[in-house]
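A.B. asks: Provide a 3D model corresponding to the input given below.
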Amino acid sequence: MVGRNQDQAEALRSTTTLPTTTSTTSTTLGGEGFSGSTRTEDSTTNTQPVEAPPSAEAQYLADLTRVEGYDFDGSVKIKGREYLHGLAFGLGWCSGSRDGSAVYNVGSGFARFEATMGLSDLSRSEARIRLQVFVDDKMVVDELMRPGQDKPLVLDITGAYRIRLAGTITAGYEESCEKAGYAAWGDARFVA
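C.D. replies: Purely as a prediction, here's the structure:
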């Protein structure tokens, strides 16, 4: 499991940051789930890394140890924007990879959970993933998303014990066991 997650993490980290341009690119994607795949796209977005606004008291989930589940952390691109403190996990149609989640203890003194959620730009264009956020086992966010969409989140977690980030693939690339999409949270953090 560790080797597979490291391969997925490397696939997300291997993206190149470019200045704002208009171009057509053909990219061969590496890493688990995209080995040998080619994707062509037109790009007119700014792909400079996005650093979350500084907060007096913030803790990035990428810097915390998970209580359960799996993900990989580091740089992740959502809708053309690179987030330096990202979390993501790949989802596909094979047994055990349709659903994924990661659970974190909130810790004392935090009042908000903030993130930008969506599908990583490494996701196949036909992928559809239901992204959910649970606070103390109560679902507070439930969004069906596709590549090119993002949703900023600011959630009240005052007094909460745990948060779970979850994803379930619902469509895209059903004929293969390769990863069809990557559920992603950019700059996911607890804020006092």
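A.B. asks: in the sheet, who's paired with residue 154?
C.D. replies: Beta-bridge partners recorded for residue 154 (DSSP bridges): residue 114.
A.B. asks: count of neighbours near residue 67?
C.D. replies: 12 (other C-beta atoms under 10 Å). Where you see a C-beta, it was placed from the backbone N, CA and C, and this is true even at glycine.
A.B. asks: what's the burial count for residue 61?
C.D. replies: Neighbours of residue 61 using other C-beta under 10 Å come to 23.
A.B. asks: over to residue 139?
C.D. replies: By the measure other C-beta under 10 Å, the count of residues near residue 139 is 11.
A.B. asks: distance of the spatially closest residue to it that is not a sequence neighbour relative to residue 86?
C.D. replies: Among residues not flanking residue 139 along the chain, residue 132 sits closest, at 5.8 Å (C-beta to C-beta, 6 or more residues apart in numbering). Going from residue 132 to residue 86 by C-beta to C-beta, to the nearest Å gives 18 Å.
A.B. asks: counting neighbours, go ahead and name the busier of the two.
C.D. replies: For residue 132 versus residue 86, neighbours defined as other C-beta under 10 Å are more numerous around residue 86 (29 against 18).
A.B. asks: buried ones in the helix or strand that contains residue 90, by neighbour count?
C.D. replies: Counting by DSSP states H and E, the element that carries residue 90 is strand 81-91. Buried residues in strand 81-91, counted by 16 or more other C-beta atoms under 10 Å: 81-83, 85-91.
A.B. asks: what strands line up against that strand, and which way round?
C.D. replies: Pairing partners of strand 81-91, with direction, according to DSSP bridges: strand 49-50 (parallel), strand 72-78 (antiparallel), strand 181-191 (antiparallel).
A.B. asks: next secondary structure after the first one?
C.D. replies: Proceeding C-terminally, strand 49-50 gives way to strand 58-60 as the next helix or strand, assigned by DSSP H and E.
A.B. asks: helices or strands next to that next one in the packing?
C.D. replies: strand 181-191 (3 or more C-beta pairs under 8 Å, 6 or more residues apart in numbering; DSSP states H and E).
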